[in-house]
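In: structure, please.
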Amino acid sequence: MKKGLVSIIMPSYNSEKYISKSIDSILKQKYTQWELLIIDDCSTDNTRIVVNEYLDKYKNIKYIILEKNSGPSVARNKGIELSEGEYIAFLDSDDLWKENKLTTQVKLMEINDWALSFSEYEEIDDRGNFLNIKIKIPSNPIGYYRYLLSTPIGCLTAMYSVKKLGKVYFPNLRNREDTGLWLKILKKELAYPILQSLAYYRIRNNSITANKIKLIKYHWKLYFKIEKLGYIKSIFFILSIIFVKVFKLKEEKLKNGGTVRWKKFFI
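Out: Presented below is the predicted three-dimensional model:
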């Protein structure tokens, strides 16, 4: 483990259209003590060609291709296994960071001795256009059961301390694997919010998160089979998430002639 080093884990599958922008957002970071581990889940497009353009220029970017297509949790876990940093952060190959993301987060985690932190973020569309949607988060630290109510941690904003936790790995799920990781950590530590937007999450029409029925199924598998919460608790927390993410969406104000929507998590 190298002190102060942030290991950035980036799973990738057929990401040639977006991955250069994601990598560029890391290169623009004011905090320069980082390594980027790109784990390619057997892409069939030109992702390898795009990434190879960076490898000769930047020695702190590493590119690993899995032997077979295994899903994002396996890809992320491979990155964690190979990481050398004191901190581990995550950025998918179509999302973006603001240039002060690492500086802000590492400073707060060092000063306050946090094990896990996360921040607000904003949404962009498939073409990178701003959707005027900001994801707000609870203002107080959250624990295990509080997290189950609304799952407010965005993977692209989260960072955990290897020094305090060791290497913590994702459960083997095709979706909601990040929720499973945070639940592992929250059984031992609190997650601390950073009340400013540090990243951009890309909304893609073909993403699995666009299928709400599948999302419910993945939540059920995680809560009932992996977390073993039982029928009643599993149903209760899934209904809570549905309520928060559907009915708590509210119009706050108009900005530049357009509607600004704040997705308010259960606060």
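In: over to Ile38. Which of the three states is it?
Out: On the three-state scheme (DSSP: H, G, I helix; E, B strand; the rest coil), Ile38 is labelled strand.
In: now Asp92
Out: Three-state call for Asp92 (three-state DSSP): coil.
In: which ones are touching it?
Out: Asp92 makes contacts with 10-11, 22, 155-156, as judged by Cβ atoms under 8 Å, 6 or more residues apart in numbering. Quick note: C-beta positions are derived from backbone N, CA and C, even for glycine.
In: with adjacent residues omitted, what lies nearest to the residue nearest to the spatial centre of the chain?
Out: Closest to where the C-alpha atoms of the chain average out (Cα atoms, centre = their mean) is Cys155, at 1.4 Å. Spatial nearest neighbour of Cys155, excluding adjacent residues (Cβ to Cβ, 6 or more residues apart in numbering): Asp178 at 4.0 Å.
In: the one you found contacts Leu116, correct?
Out: No. Counting by Cβ atoms under 8 Å, Asp178 stays clear of Leu116, with 11.9 Å between them.
In: what's the overlap in contacts for the two?
Out: Ala158.
In: which helices and strands sit right next to the helix or strand Ile241 falls within?
Out: Assigned by DSSP states H and E, Ile241 belongs to helix 230-247. Contacts defined by 3 or more Cβ pairs under 8 Å, 6 or more residues apart in numbering; DSSP states H and E place helix 230-247 against helix 144-150, helix 212-220.
In: what's the spacing between Leu198 and Val168?
Out: Separation of Leu198 from Val168 (Cβ to Cβ, to the nearest Å): 21 Å.
In: and the two? Which one has more around it.
Out: Counted by other Cβ atoms under 10 Å, Leu198 and Val168 do not tie: Leu198 has more neighbours, with 22 against 17.
In: what's whichever strand or helix holds the more buried one packed up against?
Out: Leu198 belongs to strand 191-202 when elements are defined using DSSP H and E. Secondary-structure packing of strand 191-202 (3+ Cβ pairs under 8 Å, 6+ apart): strand 96-97, helix 101-112, strand 116-124.
In: one more time with 10 Å, if that's ok
Out: Other elements packing on strand 191-202 under the criterion 3 or more Cβ pairs under 10 Å, 6 or more residues apart in numbering; DSSP states H and E are helix 19-27, strand 96-97, helix 101-112, strand 116-124, strand 130-135, helix 144-150.
In: parallel or antiparallel, list what pairs with the fourth one.
Out: Translated: strand 116-124. Here strand 116-124 is paired, per DSSP bridges, with strand 130-135 (antiparallel), strand 159-161 (antiparallel), strand 191-202 (parallel).
In: flag every buried residue along it.
Out: By neighbour count on 16 or more other Cβ atoms under 10 Å, the buried set for strand 116-124 is 116-124.
In: and that strand with helix 101-112, angle?
Out: Angle, strand 116-124 to helix 101-112, by axes from the mean of the first three to the mean of the last three Cα atoms, to 10 degrees: 160 degrees.
In: please save the CA atoms from strand 116-124 in PDB.
Out: Extracted in PDB, the C-alpha atoms of strand 116-124 (Å, rounded to 0.1, in the frame of the first residue of the first chain):
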ATOM      1  CA  LEU A 116     -15.800   5.800   3.400                       C
ATOM      2  CA  SER A 117     -17.000   9.000   1.800                       C
ATOM      3  CA  PHE A 118     -19.300  10.000  -1.000                       C
ATOM      4  CA  SER A 119     -20.600  13.100  -2.600                       C
ATOM      5  CA  GLU A 120     -23.400  14.700  -4.700                       C
ATOM      6  CA  TYR A 121     -23.300  14.400  -8.400                       C
ATOM      7  CA  GLU A 122     -25.100  15.600 -11.600                       C
ATOM      8  CA  GLU A 123     -26.600  13.800 -14.500                       C
ATOM      9  CA  ILE A 124     -25.700  14.100 -18.200                       C
END
